[in-house]
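Enquirer: Here's a sequence, model it:
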Amino acid sequence: MTDLIRILVADDHLIIRQGLRLILETGSDFELVGEAADGAEAVRLCLEKEPDVVLMDLRMPGMDGLTAIEKLHIEQPQIAVVILTTFNEDDLMMRGLRAGAKGYLLKDTDRETLFNTLRAAARGETLLRPEIMARVLSSVGEAQGAQEITELTARELEVLRGVAQGERSKEIALRLGITERTIKAHLASIYNKLGVDGRAAAIAVAAQKGWL
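Expert: Okay, the predicted model is just below:
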């Protein structure tokens, strides 16, 4: 039997949480382990329930979703966060991805895209819809003038290309004949050189530079 992907939903609207619960129940590999009405409750429940993935709204009373993502990224980096929001705002999207989110979905997304994004996040991957990636690239392009990006080494490019193809760190390590720890060190170096905090933003920068 496949291990269930443990999901926590954070949204201040009860009807949204109830709707997501019903949708997740139709996926045989998902288990809803908790619901939060604000960011602070989401952070607390993550400590208690230890979900694999959090579906996080950005605009909530008290602690907002962005602050919650930043706290989780520092305190519980093993938990993947997927932003689920009504608002189609590039600035919020980029801030969320830079804060460590693995994906970004609008609340009118279809069931299949939701499930695929959750599964990718649970595997430690980032899955962005083409239109979202296009906007990420546009935002990155606008920011390029602010700083000069250090070129990556040949091995770092190999690692980043593997990430862009959806490979996990373990799979990249096996293919390149190096350890998973070395892959993580390469990723840390890549993020530092590109001035980003996660895979999605790194892929966006590399694509914009024509490296992929």
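
Enquirer: going forward, measure contacts and count neighbours with C-alpha atoms only.
Expert: Will do.

Enquirer: Kindly state the beta-bridge partners for Val53.
Expert: With beta bridges defined as DSSP bridges, Val53 has these partners: Ile7, Ala80.

Enquirer: I meant Leu106, not that one.
Expert: Counting by DSSP bridges, Leu106 is bridged to Thr85.

Enquirer: mind checking pLDDT for it?
Expert: pLDDT recorded at Leu106 is 84.

Enquirer: That one reaches Leu58, doesn't it?
Expert: No - with contact defined as Cα atoms under 8 Å, Leu106 does not count as touching Leu58 (10.9 Å).

Enquirer: shared neighbours of these two, which are they?
Expert: Both Leu106 and Leu58 are contacted by 84-85, under the criterion Cα atoms under 8 Å, 6 or more residues apart in numbering.

Enquirer: Who has more neighbours out of those two?
Expert: Leu58 (26 against 15; other Cα atoms under 10 Å).

Enquirer: any idea how far Ile79 is from the nearest residue to that one once chain neighbours are set aside?
Expert: Nearest residue to Leu58, sequence neighbours excluded (Cα to Cα, 6 or more residues apart in numbering): Gly65, at 4.0 Å. To Ile79, Gly65 is 14 Å away according to Cα to Cα, to the nearest Å.

Enquirer: More neighbours: these two, which one.
Expert: Taking other Cα under 10 Å, Gly65 and Ile79 do not tie; Gly65 has more neighbours (27 against 22).

Enquirer: next one: phi and psi at that one?
Expert: With angles defined as degrees, to the nearest 10, Gly65 sits at phi -70, psi -40.

Enquirer: so what's it up against?
Expert: Shown in contact with Gly65 (Cα under 8 Å, 6+ apart): 38-39, 56-59.

Enquirer: Phi, psi for the residue most central in space within the chain please.
Expert: Central residue check for the chain by Cα atoms, centre = their mean: the C-alpha nearest the mean position is that of Lys102, 0.5 Å away. Dihedral pair for Lys102: phi -90, psi -10, per degrees, to the nearest 10.

Enquirer: Skipping adjacent residues, who's closest to it in space?
Expert: Closest to Lys102 by Cα to Cα, 6+ apart is Thr126, at 4.8 Å.

Enquirer: quick one, what contacts Ala200?
Expert: Each residue near Ala200 by Cα under 8 Å, 6+ apart is listed here: 97, 102-103, 126-128.

Enquirer: Help me confirm that Arg6 comes into contact with Glu31.
Expert: Yes - under the criterion of Cα under 8 Å, Arg6 makes contact with Glu31 at 4.9 Å.

Enquirer: Show me what counts as buried in the helix or strand hosting Ala207.
Expert: Assigned by DSSP states H and E, Ala207 belongs to helix 199-208. Neighbour counts using 16 or more other Cα atoms under 10 Å place 199-208 of helix 199-208 among the buried residues.
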